[in-house]
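Colleague: build me a structure from this.
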Amino acid sequence: MWVFTSAAHQHKLLLVRGRGFYKSVSGAGSQVASHHVTASLLHPEDSSFNPGVKRRHRHNETRERSVQSKVWRDEIPVMQKTGQRKEDSHRVSSELRKLCLEDSPTERERPGTQRSTLDSKVEIVFGVAPCLLALTQGRRKAHKLFVKDGEASHRASVLKVCEEACRRGVRVQRVSKKELDRMSSERVHQGLCLQASPLSYLTEHSDSAPGRKDPPLWLVLEGIQDPMNLGAILRSAYFLGVDRVASSLHNSCPLSPVVSKASAGAMEVLGVYGYKNLEDMVKLKVAQGWQVVGTVAAEADESQLPVTQCSDFQMTGPTVLLMGGEGGGLSRGLLSLCQTLLTIPAGRDLFPGVESLNVSVATGILLHTLLFSRKSTT
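Modeller: Here you go, the predicted model:
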């Protein structure tokens with residue numbers, strides 16, 4: 001490299017030689033700079049100056065800032081990530097802003113490995129409504145809430161569940177969709193999974209139902225094995241105002257997270273009583289003056305009782321509605337205790353194979369009919 005200066009003309013001529021080419025720049029009073037200029041010429045007072053080292057320092061500083069930025073993004077709560085929409089920020093409570101989610105790769109615990117350190121009996125509740133009601137009702141012991149990382153965690157419904165978890169001292173952890181899919185067995189989790197203790201059937205000793213003026217209606221289920229059916233039945237029973245739901249413990253599905261999701265969280269609110277022997281319980285109700293109503297298809301050849309259309313039935317006193325399981329219906333023992341058999345009339349001629357209703361649909365129709373008749377007689 002050569003630098004020539006002409007003081008007479010106040011011009012500076014800079015010739016830069018680098019990698020086989022020359023560059024010439026001149027101008028009156030101009031300041032000329034190039035990153036190829038030798039350091040000793042530009043910084044004669046500092047012989048230790050080394051641009052290669054400086055460039056490496058700059059590269060290291062940029063890399064450190066990049067790592068620090070990544071760590072900062074990972075450590076901030078899910079509601080305070082960079083790029084969050086401004087309209088969401090004002091909805092987040094101060095408690096939630098203080099929430100720190102364990103998201104560092106070295107510290108993140110895989111959700112599936114925690115079961116060995118927690119209570120041996122835990123399960124994964126999934127879905128917005130089941131998780132929220134599981135937290136608010138307090139019937140479960142909640143261990144940790146898992147939230148899907150990304151924009152889904154900014155939804156108002158998800159934030160509400162996170163706020164409730166913070167209020168109750170439940171840890172919140174941000175995980176990937178893949179982890180949530182695994183925890184929920186590929187079911188629709190809506191970006192939320194809650195690790196909590198399971199729910200069990202209630203016993204007769206835990207009866208705390210308040211008294212009411214209207215004649216009570218109990219719904220008794222025998223052998224409901226499909227969790228989706230059971231969840232839909234519980235949702236209808238809670239919505240319509242059934243006083244108690246009872247189920248046989250034998251040959252029935254448990255109160256699982258799938259049932260809770262199918263019930264839209266109603267299982268978390270409505271207590272379900274379990275009985276080893278439904279016949280003994282129904283006999284006791286008959287002795288107490290309750291009316292026992294069974295359900296059959298239109299062709300009830302095996303019963304000597306008359307079959308009444310549900311629209312013609314009037315509920316005048318305490319009543320037990322018996323619903324049988326999928327396919328088999330009510331057992332002979334329970335059918336023998338019925339005083340009335342109800343059926344739902346079809347609105348058209350039906351083809352073979354589609355001449356019946358799903359048990360959850362039939363239960364909803366019968367509950368609405370009975371409860372409507374109860375209101376009309378009071």
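Colleague: skipping adjacent residues, who's closest to residue 141 in space?
Modeller: The spatial neighbour of residue 141 that comes closest, neighbours along the chain excluded (CB to CB, 6 or more residues apart in numbering), is residue 197 at 4.2 Å. For the C-beta atoms, the positions are set from N, CA and C on the backbone; glycine is no exception.
Colleague: do I have it right that the one you found meets residue 140?
Modeller: Yes: Residue 197 lies in contact with residue 140 (CB atoms under 8 Å); the separation is 5.1 Å.
Colleague: the strands in this structure, which residues?
Modeller: For the chain, the strands defined by DSSP state E occupy 2-6, 11-18, 21-28, 123-126, 142-148, 171-175, 192-196, 217-222, 244-248, 272-275, 291-295, 307-309, 319-324, 340-343.
Colleague: direction included, what does the last one pair up with?
Modeller: Put plainly, it is strand 340-343. Sheet pairing of strand 340-343 (DSSP bridges) gives strand 291-295 (parallel), strand 307-309 (parallel).
Colleague: distance check, residue 168 against residue 272.
Modeller: For residue 168, the distance to residue 272 (CB to CB, to the nearest Å) stands at 24 Å.
Colleague: which intervals of the stretch 151-300 of the chain have sub-threshold pLDDT?
Modeller: Along the stretch 151-300 of the chain, segments meeting pLDDT under 70 span 152, 205-212, 297-300.
Colleague: ok so, going back, now distance to residue 372 too, for the strands of the chain, in CSV please.
Modeller: Shown next, in CSV, are the strands of the chain (distance: least, CB to CB, whole Å):
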stretch, distance to residue 372
strand 2-6, 100
strand 11-18, 93
strand 21-28, 93
strand 123-126, 33
strand 142-148, 38
strand 171-175, 44
strand 192-196, 36
strand 217-222, 11
strand 244-248, 19
strand 272-275, 23
strand 291-295, 14
strand 307-309, 14
strand 319-324, 13
strand 340-343, 14
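Colleague: point out the most buried one among those.
Modeller: strand 192-196 (a mean of 26; mean count of other CB atoms under 10 Å).
Colleague: give me the pLDDT for residue 83.
Modeller: Here the pLDDT value assigned to residue 83 is 43.
Colleague: got it, and residue 347?
Modeller: 88.
Colleague: look up how far residue 199 lies from it.
Modeller: In this view, residue 347 and residue 199 are 38 Å apart by CB to CB.
Colleague: just residue 190 next, same as before
Modeller: Going from residue 190 to residue 199 by CB to CB gives 20 Å.
Colleague: over to residue 163?
Modeller: For residue 163, the distance to residue 199 - CB to CB - is 23 Å.
Colleague: same check on residue 222?
Modeller: Counting by CB to CB - residue 222 and residue 199 are separated by 20 Å.
Colleague: how about the closest residue to residue 244 other than its chain neighbours, what does it touch?
Modeller: Once flanking residues are discounted, residue 244 sits nearest to residue 218: 4.6 Å by CB to CB, 6+ apart. Residues in contact with residue 218, defined by CB atoms under 8 Å, 6 or more residues apart in numbering, are 242, 243, 244, 245, 246, 285, 290, 319, 320, 321.
Colleague: many thanks, I have nothing further to ask.
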